[in-house]
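[1] sequence and predicted structure, then a few things I'm wondering about:
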Amino acid sequence: MALHITADPAADELLTGNPLALLIGMLLDQQVPMETAFAGPLKLQQRLGAVDAAAIARADPEVFAAAFREPPAVHRFPGSMATRVQALCQAVATEWDDDASAIWTKGSPDGAEVLRRLKALPGFGEQKAKIFLALLGKQCGFDGDGWREASAPYGENGSFRSVADITDPDALAKVRAFKREMKAAAKAAAGK
């Protein structure tokens, strides 16, 4: 299944065909628009030649950070996010034999196990891991038992909560509207 997250066909093609690129995009999805985060792996590929866990893991940190800073920057916080991406790639290279997809395929894991594996990755907390698991289940063909429950509430069928639900521009607009509603509700609750 082809992903349609960034509105950039080349970036979406990389996300669809390269599990590490998708994982990096999820890691970058904080404090920047979703499209910017998930387009980041394509910028890295263009600047580094490939999106490969072992190569990124062993890259000189200063050189790698410079690739993040090159205009247009990969992320709003290029220094700290370059460090996080390198740490993620080190984990994928050493713990998953340079194969990001092994996180959700090795040993035919169920949803709870994939969630546990994702949460063990640098930069992946509970919410980010659940959103990524929902993305795997909703759009990437992962069908391990209990994935919807493990990714709750993001795995809910028919919801528009996160990047897991973006399949076209209309779905993106619905996800944005949901996020605006959540921010407004949180702001109102904080003001009470």
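    Received it, and whenever you're ready, just let me know what you need.

[2] and for residue 140, the neighbour number?
    As a burial measure, residue 140 scores 18 neighbours (other C-beta atoms under 10 Å). (C-beta placed from N, C-alpha, C; glycine too.)

[3] how about residue 2?
    By the criterion of other C-beta under 10 Å, residue 2 has 11 neighbours.

[4] mind checking the SS state of it?
    Counting by DSSP: H, G, I helix; E, B strand; the rest coil, the backbone at residue 2 sits in coil.

[5] pick out the residue closest to the middle of this structure.
    Nearest to the geometric centre of the chain sits residue 26, at 1.3 Å (C-alpha atoms, centre = their mean).

[6] please, which helix or strand holds the residue nearest to it when sequence neighbours are not counted?
    Excluding its sequence neighbours, the residue lying closest to residue 26 (C-beta to C-beta, 6 or more residues apart in numbering) is residue 132, at 4.7 Å. Here residue 132, judged by DSSP states H and E, is contained in helix 126-139.

[7] got the buried residues for the next helix or strand after that helix?
    Scanning forward in sequence from helix 126-139 by DSSP H and E, the next helix or strand is helix 147-150. By neighbour count on 16 or more other C-beta atoms under 10 Å, the buried set for helix 147-150 is 147-148, 150.

[8] about what we covered before: helices or strands up against the helix holding residue 132?
    Packed against helix 126-139 by the contact rule (3 or more C-beta pairs under 8 Å, 6 or more residues apart in numbering; DSSP states H and E) you find helix 19-28, helix 111-119, helix 147-150.

[9] got the contact list for that helix?
    The contact list for helix 126-139 (C-beta atoms under 8 Å, 6 or more residues apart in numbering) reads 1, 3, 22-23, 26-27, 29-30, 104, 111, 114-115, 118-119, 121, 124, 142-144, 147-148, 150-152, 154-155, 162-165, 167.

[10] thinking again about what came up before, and residue 179, which of the helices and strands packed on helix 126-139 is closest to it?
    Residue 179 sits nearest to helix 19-28 of all the helices and strands packed on helix 126-139, at 15.9 Å, using C-beta to C-beta.

[11] now that closest one against helix 111-119, angle please.
    70 degrees (axes from the mean of the first three to the mean of the last three C-alpha atoms, to 10 degrees).

[12] ok, residues contacting helix 19-28?
    Contacts for helix 19-28 (C-beta under 8 Å, 6+ apart): 3, 5, 14-16, 36-42, 44-45, 51-53, 74-75, 81, 84-85, 88-89, 92, 99-101, 103, 121, 123-124, 128, 131-132, 135, 140, 163.

[13] list the buried residues for the helix or strand following that helix?
    The first helix or strand that comes after helix 19-28 along the chain, using DSSP H and E, is helix 34-48. Within helix 34-48, the residues that count as buried by 16+ other C-beta under 10 Å are 34-45.
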